[in-house]
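Asker: could you work out the structure for the sequence below:
(one chain, ligands or ions: 1)
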Amino acid sequence: MRARSPLGGRIFVRCFPMPDSSAQSSAACETAATGPGTVWFVGAGPGDPELITVKGRSLIERAGAILFAGSLVDEAATRWAPPGCSIADSKSMTLDQMAAWLVLQAQKHRTVVRLQTGDPALYGALVELVQPLDAAGVPVRVVPGVSSAMASAAAAVESFTLPEVTQTVVFTRVEGRTPMPPGESLAELARHRCTLCIFLSITLLHKVQAGLREAGWPDDAPLLVVHKASWPGEERIVRCTVADVRERCREAQVVSQAMIIASPTLGARQWPQLAKSKLYDPGFTHRFRRASDAPQGAEASSPLTDTPQDTPR
Ligand SMILES: C[S@@+](CC[C@H](N)C(=O)[O-])C[C@H]1O[C@@H](n2cnc3c(N)ncnc32)[C@H](O)[C@@H]1O
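Answerer: Take a look at the predicted model:
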């Protein structure tokens, strides 16, 4: 059943034919015991409903109310909501309306979920929404999600880091209506020649091209554009170059929901020679493995021993 929310968003009510969200109650949904319930900001992942975390899914399964980012999160992500759960699409709500809806639901339910695309820490208005909840005394928790940047690398079987090529990844965007802070223009970031995951910029490809060129990237430098990474049956991968990115994306009709990746690592799967990771080098000693040719006691004296960031997890 679908109804119009008084706050502007569509309300989806599962199972019970009730006229609005205020009429919800269900044994399957937890209700607030004392004080407001907790609003959980849950990363829904990049699109494939199976890429939500187990924790995110179990919160949905016991949620009394879910506010999801309808423009980006596949509705399928709400398929685990319990009967009677109030489900609203935030697509047409303002930030104030979203905050008001979440505060209202936290007064009724112990578990309220704000479902966001990818990971909530990236371009998700997380802090803007948390502040009014803090002001209203509503407890907030965050569950991370698989970002579309990671899903795009996975789709194309690419690695963002390679030994002796780049060890750095930048998440950025080009300037649209949101201004870029000083020092963060694409040209400035691209001078590092590291991996750049460029969000929210598929309609601004001319700026992507200009920024990379200004930073000295050659016209034949490879780029990767992934549309709807991980979405079952909808994912599209465009391999192109700085010179032809606009043409290739136009041909592929990729005009929205796309990740642009510029990286010196792209295409490494086909390289004849790779500098190998030290971690798996037979001559490299670390906490979990002694080098095959290491002298007795080398482990204890190695400066790398017990360096947590150099040990496999
Ligand atoms: C508002 S941001 C949200 C990013 C999200 N928090 C994340 O971690 O992926 C939306 C942008 O993320 C990228 N995006 C989101 N989902 C995507 C997907 N499935 N495939 C490719 N890009 C995606 C696009 O660049 C889109 O413009």
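Asker: just to check, residue 66 is in contact with residue 86?
Answerer: Yes - using Cβ atoms under 8 Å, residue 66 is in contact with residue 86, at 7.4 Å. For the C-beta atoms, the positions are set from N, CA and C on the backbone; glycine is no exception.
Asker: could you check the lengthiest helix in the chain against the ligand for contacts?
Answerer: Identified as the longest helix of the chain according to DSSP state H is helix 95-108. No - Helix 95-108 lies out of reach of the ligand by Cβ under 6 Å from any ligand atom, never closer than 13.6 Å.
Asker: now that helix, how far from the centre of its chain.
Answerer: Counting by Cα atoms, centre = their mean, to the nearest Å, helix 95-108 is centred 23 Å from the centre of its parent chain.
Asker: gap between the next helix or strand after it and the chain center?
Answerer: Next helix or strand after helix 95-108 toward the C-terminus (DSSP states H and E): strand 111-116. Taking Cα atoms, centre = their mean, one finds strand 111-116 lying 15 Å from the centre of the chain it belongs to.
Asker: ok, residue 35 to residue 211 distance?
Answerer: To residue 211, residue 35 is 49 Å away according to Cβ to Cβ, to the nearest Å.
Asker: neighbour count winner among those two?
Answerer: When residue 35 and residue 211 are compared for neighbours, residue 211 comes out ahead with 26 against 12, by other Cβ atoms under 10 Å.
Asker: next, that one: phi, psi?
Answerer: Dihedral angles of residue 211 (phi, psi; degrees, to the nearest 10) stand at phi -60, psi -40.
Asker: what's the answer for residue 40, then?
Answerer: Backbone geometry at residue 40, expressed as degrees, to the nearest 10, gives phi -100, psi 120.
Asker: residue 155 contacts residue 236, correct?
Answerer: No - Residue 155 is not in contact with residue 236 according to Cβ under 8 Å; the separation is 9.2 Å.
Asker: the two: which is more packed in?
Answerer: With neighbours defined as other Cβ under 10 Å, residue 155 and residue 236 compare such that residue 155 has more, 21 against 16.
Asker: for the more buried one, what are its contacts?
Answerer: When contacts are counted by Cβ atoms under 8 Å, 6 or more residues apart in numbering, residue 155 touches 226, 229-230, 235, 237.
Asker: 6 Å instead?
Answerer: Contacts were defined as Cβ atoms under 6 Å, 6 or more residues apart in numbering; by that measure residue 155 touches 226, 229, 235, 237.
Asker: burial of the closest residue to the first one other than its chain neighbours, as a residue count?
Answerer: Looking back up the chat, that one is residue 226. When the adjacent residues along the chain are set aside, residue 226 lies closest to residue 152, with 3.8 Å between them (Cβ to Cβ, 6 or more residues apart in numbering). Residues contacting residue 152 under the criterion other Cβ under 10 Å number 26.
Asker: which SSE is immediately downstream of whichever strand or helix holds residue 152?
Answerer: Per DSSP H and E, residue 152 falls inside helix 148-155. Remark: after helix 148-155, the chain's next helix or strand is strand 169-173, criterion DSSP H and E.
Asker: now do the helices in this protein.
Answerer: Counting by DSSP H, the chain has helices at residues 54-61, 95-108, 126-135, 148-155, 186-190, 205-214, 245-251, 298-301.
Asker: Serialize those to JSON lines and add fields for distance to residue 39.
Answerer: JSON lines is the format used below for the helices of the chain (distance: least, Cβ to Cβ, whole Å):
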{"stretch": "helix 54-61", "distance to residue 39": "11"}
{"stretch": "helix 95-108", "distance to residue 39": "5"}
{"stretch": "helix 126-135", "distance to residue 39": "6"}
{"stretch": "helix 148-155", "distance to residue 39": "23"}
{"stretch": "helix 186-190", "distance to residue 39": "33"}
{"stretch": "helix 205-214", "distance to residue 39": "35"}
{"stretch": "helix 245-251", "distance to residue 39": "37"}
{"stretch": "helix 298-301", "distance to residue 39": "48"}
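Asker: from memory residue 78 sits against residue 89, does it?
Answerer: No - at 9.4 Å, residue 78 and residue 89 do not qualify as touching, with contact defined as Cβ atoms under 6 Å.
Asker: determine which stretch of the helices of the chain is the most buried.
Answerer: Sort the helices of the chain by mean neighbour count, taking mean count of other Cβ atoms under 10 Å, and helix 148-155 sits at the top with a mean of 22.
Asker: excluding its backbone neighbours, what's nearest residue 64?
Answerer: With Cβ to Cβ, 6+ apart as the criterion, residue 64 has its nearest non-adjacent residue at 2.5 Å, and that residue is residue 109.
Asker: how many residues are close by that neighbour?
Answerer: A count of nearby residues for residue 109, using other Cβ under 10 Å, gives 26.
Asker: partner residues bridging it?
Answerer: Counting by DSSP bridges, residue 109 is bridged to residue 31.
Asker: what residues does this structure have near the ligand?
Answerer: By Cβ under 6 Å from any ligand atom, the residues of the chain that approach the ligand are 46-47, 72, 117-119, 122-124, 147-148, 151-152, 199-200, 226, 228-231, 257-259.
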